[in-house]
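[1] How does the following fold in three dimensions:
(2 chains)
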Amino acid sequence: MSGKTVLYVEDNEFNLKMVRQLLARTAYRLIEATDGELGVATALREIPDLILMDIQLPKLSGLDATRRLRADPKTVAIPIIVITSFALSGDDQKAKDAGATAYMAKPYSPRELLQMIRKLLPEQ
Amino acid sequence: MRWVAGIKVSVHGKLLAGYLLVTLLVIGMGAMSLQTISKMSSQSQLLDEAHERVHWSQDIQHALAMQMNFTAMALLLRSETTVENILRENNRFNNTLARLEKAAQPEEVELIQRIRAAQGDAITTVADIANLIRDGKIADAMRLQQEKQYPLYRRIEEFVTQLVLRESNKMDQLRASVAAANRSTLILMAISAVALMLVALLLGFVISWSFILPVQKAHGFVSEVAKGNFTATINVPNRDEFGALAAHMNHMSQELQRLYEVQHRASQELQRLNERLQQASKAKSNFLANMSHELRTPMNAILGFVEMMLDEIYGEVPPQLREPLTDVQTNGKHLLRLINDVLDLSKIEAGRMELVLAEYSVQDVVETIRTSLQSLALEKGLEFVAAVDDDIPLAFGDGKRITQCLMNLVGNALKFSKHGRVALAVEQQGKTLLYRVSDTGIGIPKDELENIFGEFQQVDTAITREFSGTGLGLNITKKFVEMHGGRIWVESELGVGSTFFFTIPLRVETSEVT
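    So this is what the prediction gives:
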């Protein structure tokens, strides 16, 4: 399969399932990780084309994971969308500071998320 | 000094006793002088008496000489007429001798009696001589005078001389003793004057120092207490007013120390409570941050799945399911707004809400509101006008929070108006921005105007149901406006409409943000 790879780091199985179903009808290939450390390891192993990173994760927070990926030359250029808690609480600024390419406040609209993915990583 | 201080007598009593003692000593000295003076005067009287006795003795000698003289004259004149003169002189002699005897000292009495005896013999001889002269026996008379009278007189004279000598000796002794008494009195007076002075000085010194020492100690004690050393004590030997004062001062410092300890314990307790409160507040803040995300995660799934269903990602949606799915979506969004508002308010209440200050464009903020709410206005058939001057420069503050405030106000205006128009206007007044949101809605009763910005204050619970507000929007708006250093108020007329105003500094000073 030649589709572009998207890594979603998220510990909630329903959100994972939702994005899985959202991307099922697209050309994107989804790989998943359920905590921050696994997320970093998976990203370094698979080198995906785009990463969706939840801000609050077990073991290693989304912000710390983003910082680690930005510190590694292999992942430094990968677009990362950080899923923040609430756009108004200053999380967006923290995400930017950690090295996020873009951020999306939770709860996000699947439609808008897909638009943002497509904008950063054209499907074809 | 300590001893004087320790006497259980008042200051008043001690001073009186001191003065009394000095006065008594002066009186004693005076009495001593008086005694000396009277002793001296009695001695000078003795001297006078002795002097008088010498005078009398001289009289006696004179009388004796005259007797001899008249006896010789009688012999020369061969006449006994002058014998009368001899008898007169003899009387003078006897009188004087009698006075002398009366005043004589006991040891002189014998001598005087011998003088009298000799005089008696002499007078008898004179009588014999007179008889011989009358008989014309001049030669016998002369012989008698030569042989008997003259030696008798010589003896008497010798006795008198002895008497005078004794008196003179006595006078010398008296004079010497008076001089000695004078000298010793002088010395005594000088010594007692010096002693008196020393006693007065000593008393003054001791009494005054017995007062000064406690005063000095009190001074030291008070300055210690003033420095905050409440454990200081004052210890004076005085059992007078100063002693009582010192006891009161010690009581005072004990009481101060006790109060200080009570206060110290209370402040420690407060500090501990404060630390616990801070920990609790921090825990609450962390809890809120976690909770915020924990609540959003399932909401994300709920709203996400519903949206995907409505977007027909899972296939065509049967027409009869579209309405209930939309209801789920509407209520999910309302629940999300409630969650956001409650979390915001909790953060504000916990003092953990911080503004994110940055440059922002007022025009952009208004545009965001317009695009977000235009569709809602259209849906309800309301006219929605948003006007903003193009001249307003870039502002400094938390643009997202100000947007949130306007969302609340304009959202309410649209919610509570069934027809007419909703207008949003922003104008710059010097260094302040004035926002105005007016509607032609149901209005707010006068008695509710004051409470409208409180928590969960919607005019009517029925309205809450009908217009589905959270009841927190105005309260949060007020708090954000005030955090910016601004002010919010409302003017309203029932059935006509309401206008909400708020001011925000064009550029928020960092120090103004609370």
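[2] For chain B, name the helix or strand with the lowest mean pLDDT.
    Lowest by mean pLDDT, DSSP states H and E among the helices and strands of chain B is helix B:461-467, with a mean of 46.
[3] and whichever helix or strand comes after that one, what does it pack onto?
    Later in the chain than helix B:461-467, the nearest helix or strand by DSSP states H and E is helix B:473-483. Judged by 3 or more C-beta pairs under 8 Å, 6 or more residues apart in numbering or on different chains; DSSP states H and E, helix B:473-483 is in contact with helix B:319-349, helix B:399-416, strand B:487-493, strand B:497-505. C-betas here are computed from N, CA, C, even on glycine.
[4] got the angle between helix B:473-483 and strand B:497-505?
    30 degrees (axes from the mean of the first three to the mean of the last three C-alpha atoms, to 10 degrees).
[5] mind checking how far helix B:473-483 is from the chain centre?
    Relative to its parent chain, helix B:473-483 has a centroid offset of 55 Å by C-alpha atoms, centre = their mean, to the nearest Å.
[6] Excluding its own residues, what touches that helix? List them.
    By C-beta atoms under 8 Å, 6 or more residues apart in numbering or on different chains, the residues outside helix B:473-483 that reach it are B:341, B:344-345, B:348, B:353, B:355, B:398, B:401-402, B:404-405, B:408-409, B:411-412, B:452-457, B:487-488, B:502-504, B:513-514.
[7] Can I get it in PDB, CA atoms only?
    In PDB, the C-alpha atoms belonging to helix B:473-483 read as follows (Å, rounded to 0.1, in the frame of the first residue of the first chain):
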ATOM      1  CA  GLY B 473     -21.900  33.300  30.900                       C
ATOM      2  CA  LEU B 474     -22.500  36.800  32.300                       C
ATOM      3  CA  ASN B 475     -20.700  36.000  35.500                       C
ATOM      4  CA  ILE B 476     -17.700  34.700  33.600                       C
ATOM      5  CA  THR B 477     -17.900  37.700  31.200                       C
ATOM      6  CA  LYS B 478     -17.900  40.100  34.200                       C
ATOM      7  CA  LYS B 479     -14.900  38.400  35.700                       C
ATOM      8  CA  PHE B 480     -12.900  38.500  32.500                       C
ATOM      9  CA  VAL B 481     -13.700  42.100  32.000                       C
ATOM     10  CA  GLU B 482     -12.600  42.900  35.500                       C
ATOM     11  CA  MET B 483      -9.400  40.900  35.100                       C
END
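[8] and it, which residues are buried?
    B:Gly473, B:Leu474, B:Asn475, B:Ile476, B:Thr477, B:Lys478, B:Lys479, B:Phe480, B:Val481, B:Met483 (16 or more other C-beta atoms under 10 Å in any protein chain shown).
[9] Let's have those in a markdown table, adding pLDDT and distance to B:Ser42.
    What follows is the buried residues of helix B:473-483, written out as a markdown table (pLDDT from 0 to 100; distance: C-beta to C-beta, whole Å):
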| residue | pLDDT | distance to B:Ser42 |
| --- | --- | --- |
| B:Gly473 | 81 | 126 |
| B:Leu474 | 84 | 122 |
| B:Asn475 | 84 | 119 |
| B:Ile476 | 84 | 121 |
| B:Thr477 | 88 | 122 |
| B:Lys478 | 88 | 117 |
| B:Lys479 | 86 | 116 |
| B:Phe480 | 88 | 119 |
| B:Val481 | 90 | 118 |
| B:Met483 | 87 | 114 |
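[10] ok, back up a step: PyMOL command for the buried members of the contacts of helix B:473-483?
    To isolate the buried ones among those in PyMOL, judged by 16+ other C-beta under 10 Å, type:
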select buried, chain B and resi 341+344+345+348+353+355+398+401+402+404+405+408+409+411+412+452+453+488+502+503+504
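[11] and the contacts of helix B:473-483 near chain A, which?
    B:Asp344, B:Arg401, B:Gln404 (C-beta under 8 Å from any C-beta of the partner chain).
[12] Make a markdown table out of these and add distance to A:Gln56 and pLDDT.
    Compiled in a markdown table, those are given as follows (distance: C-beta to C-beta, whole Å; pLDDT from 0 to 100):
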| residue | distance to A:Gln56 | pLDDT |
| --- | --- | --- |
| B:Asp344 | 18 | 78 |
| B:Arg401 | 23 | 87 |
| B:Gln404 | 22 | 87 |
